[in-house]
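*Asks:* let's see this in three dimensions:
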Amino acid sequence: MPEPEPQPYDPLGPGEHEAIAPTGQGGPMDLALEEAESLDQPLDPGPAGPRERARSLWSDAWHQLRRNPVFIVSALLILFLVVISLWPQLIASGDPLYCRLSKSQQGPAPGHPFGYDTQGCDVYTRTVYGARASITVGICATLGAALLGSALGGLAGFFGGWGDALLSRVADIFFGIPVVLGGLVFLSVVTSTTVWPVVGFIVLLGWPQLARIARGSVITVKQNDYVQAARALGAGNARMLLRHVAPNAVAPVIVVATIALGTYISLEATLSFLGVGLRPPTVSWGIDISNAASQIRNAPHMLLWPAGALSLTVLAFIMLGDAVRDALDPKLR
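*Replies:* Numbering: from 1, shown residues only. Just a heads-up that it's a prediction; the model follows:
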């Protein structure tokens, strides 16, 4: 029996121009050829245009900070304090060391809105000039403690080993020293009237806290996949530490240092109040508060203005630190 001749291939034959797909209702659904071809076309991006470029951690933090009223108010207040600490003559034309005993403890007068202190010095002028010492001590002590603590803590957390154990034990020793008692012992033997002995003492007792924060942050970051990938590609320790670990581990240190700056300013005022911090003729809020404490009933204005300026400054830096923490920590958004 002769075999049937094969039929020529017809691309538009049955089953070639349509596909059968179940509908779920007991029957087939035919997809037209033009509809099937449309599935291969790229989707229309629509009128929205190109997608927004992903922001980095720092650009995203700045995006959040610009919309935070707490950050704006605290930043403007800190900017004002920094300006008057650099150029106090902009808002105070008098001399903070010029005193007249005939005006001792007198209240506000024309041209002297804050009154006079026990020595007859203008309280307004001394309050304005007192910002210089407090801001200088706070910024310099924070920078010193942050740099020293970040360097030691970062190296200890990255390399580990006996260096990490030694740093931890040394930090525990410094944590056990009471700050005020240590200041009384350390600064009582210093005769300098400048701000640098106070800055050095604060750095000496402040670096362990920042070192511990930096150490924990580095230990967390160095376990991430991109650090392990860089190590597998042959990157050296210096490159990994400077280009991959440090930029991603510095955020907690910045937050803690910003909050600690306000604490350091209040610590300077406390030590000056006790007589072991800044000393005359240096103008300081702590010195003025100490001189006014015994006259609080007779002349409360002597205590009100320098204490208010100190409280406002510390509050501004703490508010700034809280705003930066909220912006850098995604868990708090």
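
*Asks:* so who does residue 310 touch?
*Replies:* Counting by C-beta atoms under 8 Å, 6 or more residues apart in numbering, residue 310 touches 134, 265, 266, 269, 285, 286, 289. C-beta coordinates here come from the backbone N, C-alpha and C atoms, glycine included.

*Asks:* okay, now residue 180: neighbour count?
*Replies:* 12 (other C-beta atoms under 10 Å).

*Asks:* among the contacts of residue 310, which one lies nearest to residue 227?
*Replies:* Closest to residue 227 out of those is residue 265 (36.7 Å), distances taken as C-beta to C-beta.

*Asks:* check which helices and strands the helix or strand containing that closest one sits against.
*Replies:* Following DSSP states H and E, one finds residue 265 within helix 251-273. Packing partners of helix 251-273 (3 or more C-beta pairs under 8 Å, 6 or more residues apart in numbering; DSSP states H and E): helix 123-159, helix 179-187, helix 196-221, helix 285-293, helix 301-328.

*Asks:* among the contacts of residue 310, which pair sits farthest apart?
*Replies:* 265 and 289 (12.8 Å).

*Asks:* with neighbour numbers in mind, choose between these two.
*Replies:* Neighbours were tallied for residue 265 and for residue 289 using other C-beta under 10 Å; the higher tally belongs to residue 265 (29 against 22).

*Asks:* leaving out chain neighbours, which residue sits closest to the more buried one?
*Replies:* residue 138 (4.1 Å; C-beta to C-beta, 6 or more residues apart in numbering).

*Asks:* over to residue 276?
*Replies:* Nearest to residue 276 is residue 187, by C-beta to C-beta, 6+ apart, at 4.1 Å.

*Asks:* wait, residue 182 touches residue 206, no?
*Replies:* No. Using C-beta atoms under 8 Å, residue 182 makes no contact with residue 206, being 11.3 Å away.

*Asks:* the more surrounded of those two?
*Replies:* Legend: neighbour count by other C-beta under 10 Å for residue 182 and residue 206, higher for residue 206 (24 against 14).

*Asks:* what pLDDT does the more buried one get?
*Replies:* Here, the pLDDT recorded for residue 206 equals 91.

*Asks:* run a quick neighbour tally on the nearest residue to it once chain neighbours are set aside.
*Replies:* For residue 206, ignoring the flanking residues on the chain, the nearest one in space by C-beta to C-beta, 6+ apart is residue 145 at 3.7 Å. Neighbourhood size, residue 145 [other C-beta under 10 Å]: 26.

*Asks:* now do the strands in the stretch 1-150 of the chain.
*Replies:* 19-22, 28-31 (DSSP state E, counting those that start in this stretch).

*Asks:* straight-line length of stretch 274-282, end to end?
*Replies:* 15 Å (C-alpha to C-alpha, to the nearest Å).

*Asks:* now swap in stretch 269-282 and tell me
*Replies:* Stretch 269-282: ends 12 Å apart by C-alpha to C-alpha.

*Asks:* can you check stretch 291-306 too?
*Replies:* 11 Å.

*Asks:* where in this protein is pLDDT low?
*Replies:* For the chain, applying pLDDT under 70 flags the ranges 1-57, 330-333.

*Asks:* what's around the closest residue to residue 320 other than its chain neighbours, how many residues?
*Replies:* In space, and not counting its chain neighbours, residue 320 is closest to residue 74: 4.2 Å by C-beta to C-beta, 6+ apart. If you count neighbours by other C-beta under 10 Å, residue 74 ends up with 22.

*Asks:* shouldn't residue 74 be in contact with residue 316?
*Replies:* Yes. Here residue 74 reaches residue 316: they are 4.8 Å apart, a contact under C-beta under 8 Å.

*Asks:* could you pull up the residues touching the residue nearest in space to the middle of the chain?
*Replies:* Residue closest to the mean C-alpha point of the chain, counted by C-alpha atoms, centre = their mean, is residue 255 at 3.2 Å. Contacts here follow C-beta under 8 Å, 6+ apart; on that basis residue 255 touches 321, 324, 325, 328, 329.
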